[in-house]
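Undergrad: give me a 3D structure for the following:
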Amino acid sequence: MSRRPLARTYRPQRFSEVIGQQAPVRALAAAAARGEVASAYIFSGTRGIGKTTIARVFAKALNCEQGPAEDCCDACGPCQEIAQGRSLDTLEMDAATHTGIDDVRELREAAQYPPSRERFRVFIIDEAHQLSQSAWNGLLKVLEEPPDWCVFLLCTTEPHKIPPTIESRALHFAFRSPPAALIREHLAHIAHQEQLTIDDEALDLLVKAADGSVRDGLSALDQARAYAGETISKDQVRDALGLVPGEAIRDYVKALGDGDATAGLAVVARLDEQGQDLRSFIAEVLEQVRRLSLVLAAGEGVSGTEGLSPQDAAAFSVEQLVWLGRVLDQTEARLRQGGPQRTLLDLATVRMTAMAKMTPLDDLIERLSDVPAPGSEPPRPGRAPKRSAAPSQPARARTEPPTPAPPANRQTGAGGDLLARLSSAVQRIRPPVASYLSKVCEARVDAEGVLTLVLPQDKQLWERKLRDGAGRQALAEAAREVIGREPSKIAIALEGAAASPQRAGPTRRRASPKQLLDRTRRDPLVRGIFERFGAVILESQALDAPAPADEPPETTPRSTNHPHPDLGGSD
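TA: As a prediction, this is how the structure comes out:
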């Protein structure tokens, strides 16, 4: 005698046997017990979570000889007839094959007559979203003026395709996928009932293959039993279900972190030779990248990161993992559409491994900001630049104003240097701003409560970072913590220049586009970009800074009420 599939053998026959659908079951059981039954119900949700099963159990509860009650007895004549599909008063129609108006017309004719034996005539329409528009129109008339004995149960995986005129006349129950722990417990119970020996890792793989569907989990268990027999291990489950080996996923992710294109391409070639589904492989890698990003962002103990530690993600940054997730998602979508799977995955592998060799943007900006000015002698390799005494630098003294001595009211605080304490406080409040503050060479507070941060001349690039909203807010909070009060103003100054807490609009002078372009070409940072990347200037725009003194002023002062982004100020 042939063996029935586990999904049919262990299909719930009573409300008490249903798992993971407490809210719909409780509402339907109460309605059956009180006799307060609506004319139509919509059961929606993903596949394999019990929509049609609960519809049949609800039909049993309505027509059970022991009723009305919250659950059926599953032993009387009506319950057995409904379970076996022999009931004359419970009709089930598959809308995937019976989609037209003629099929609905038969239901309308059957609904005109009272039930022959039972209390209610129940119509179960499976895959209801596949009914045609004319069929919906035919069904609408019955739902507008239904007989007292008729109950329509519409089961669908796509509730958005049900017309609003139908949905407004029905009670809609949205079924949810059971939690993974509940599915695992259910599979373990059935394996015990079937006298199967299965280890925990094999159960985890079956739950993963179920993907929230109880029926899919039982089918996967059936498939593993057919392959392995009475004793099932994780390797046998992988072989039976065609899952990608875990070692391949780990090796591939490690290659992405190391930037090793050779190792990554070797993993892809090995899987392709074994006939593995590369789309499933990409999905597994994407899941592993997600877990690693959770470990880096939130630490250990987050749901879904079991078995991982921060050391496993040490080769990555959060930004890199997010970027890898985007590339993997795009590649998986391309593979789903068809096309050469191996070619697309190889190109994606080369692209992702190259990411590990790229210089972070902050490091690149730091390196470019250290480019020497035009005409200055770069330090020779292997030799430290000479440091001369102040009297031996007459040329420098002519080109740069002398650095003023620190004011007498500079505040260092009793606990150490003010700048160090500010940096420590900002690191706790907003770590990115702490990296900007590391470029500052001096911090002081005057008697009026103005906090002044001094930047070296070659770190002017970081001035705007410290001036923006997030930077100023973090500095204000840190100063309040360190000096005991919020500063009246936060000023940014360059070595040898006065502090500039605000730039007054009336003092700015316009610069012509040609002057802006010439000054941009002379800028040491821009020249460094030219030398490193072969860049060219497409456009030069002014920033909010006073124009140099060597430029002729315009006769008309710039308006502070209507600033023009391309005119006025210096770059």
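
Undergrad: quick one, phi psi at residue 42?
TA: With angles defined as degrees, to the nearest 10, residue 42 sits at phi -120, psi 120.

Undergrad: beta partners for it?
TA: In this entry, residue 42 is beta-bridged to residue 154, residue 172, by DSSP bridges.

Undergrad: that one: neighbour count?
TA: Residues lying near residue 42 (other Cβ atoms under 10 Å) number 22. Quick note: C-beta positions are derived from backbone N, CA and C, even for glycine.

Undergrad: pretty sure it is touching residue 173, no?
TA: Yes - the pair residue 42 / residue 173 is scored as a contact, 6.9 Å apart, by Cβ atoms under 8 Å.

Undergrad: tell me the mean pLDDT for stretch 492-504?
TA: Mean pLDDT, stretch 492-504: 59.

Undergrad: state the distance from residue 519 to residue 529.
TA: 15 Å (Cβ to Cβ, to the nearest Å).

Undergrad: got it, and residue 195?
TA: Distance, residue 195 to residue 529, by Cβ to Cβ: 72 Å.

Undergrad: who has more neighbours out of those two?
TA: residue 529 (17 against 7).

Undergrad: quick one: that one from residue 521, how far?
TA: With Cβ to Cβ as the criterion, residue 529 and residue 521 are 11 Å apart.

Undergrad: could you do residue 93 as well?
TA: Noted for residue 93: a distance of 78 Å to residue 521, by Cβ to Cβ.

Undergrad: between the two, which one's more packed in?
TA: residue 93 (18 against 12).

Undergrad: give me the neighbour count for the residue nearest to the more buried one when sequence neighbours are not counted.
TA: Closest residue in space to residue 93, ignoring its immediate chain neighbours: residue 125 at 5.3 Å, by Cβ to Cβ, 6 or more residues apart in numbering. Counted by other Cβ under 10 Å, the residues lying close to residue 125 total 27.

Undergrad: does residue 124 count as helix, strand or coil?
TA: Following DSSP: H, G, I helix; E, B strand; the rest coil, residue 124 is assigned to strand.

Undergrad: now do the strands in this protein.
TA: Ranges of strands in the chain, per DSSP state E, are 40-44, 90-94, 121-126, 150-156, 171-174, 197-198, 231-232, 442-445, 450-455, 489-494.

Undergrad: could you give me the buried positions within the last one?
TA: Which is strand 489-494. Neighbour-count burial for strand 489-494, with 16 or more other Cβ atoms under 10 Å as criterion, is recorded at 490, 491, 492, 493, 494.

Undergrad: same question for the second one.
TA: The neighbour-count criterion (16+ other Cβ under 10 Å) identifies 90, 91, 92, 93 as the buried residues of strand 90-94.

Undergrad: residues contacting residue 308?
TA: Applying Cβ atoms under 8 Å, 6 or more residues apart in numbering, we find residue 308 in contact with 291, 292, 295, 300.

Undergrad: take those residues and write them to TSV, including distance to residue 450, pLDDT and neighbour count.
TA: Compiled in TSV, the contacts of residue 308 are given as follows (distance: Cβ to Cβ, whole Å; pLDDT from 0 to 100; neighbours: other Cβ atoms under 10 Å):
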residue	distance to residue 450	pLDDT	neighbour count
291	49	88	19
292	46	89	25
295	44	85	23
300	45	70	11
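
Undergrad: residue 438: which of the residues you listed is nearest?
TA: residue 295 (27.0 Å; Cβ to Cβ).

Undergrad: how close does residue 286 get to residue 325?
TA: 6 Å.

Undergrad: same deal with residue 147?
TA: 55 Å.

Undergrad: those two: who's more crowded?
TA: More neighbours surround residue 325 than the other of residue 147 and residue 325, with 17 against 13 (other Cβ under 10 Å).

Undergrad: just give the closest residue to that one, not the sequence neighbours.
TA: Spatially, and ignoring its direct neighbours in sequence, residue 325 is nearest to residue 289 (5.1 Å; Cβ to Cβ, 6+ apart).

Undergrad: first-to-last residue distance for stretch 308-328?
TA: 20 Å (Cα to Cα, to the nearest Å).

Undergrad: for that stretch, which positions count as buried?
TA: For stretch 308-328, a neighbour-count test (16+ other Cβ under 10 Å) marks 308, 312, 313, 316, 320, 321, 324, 325, 327, 328 as buried.
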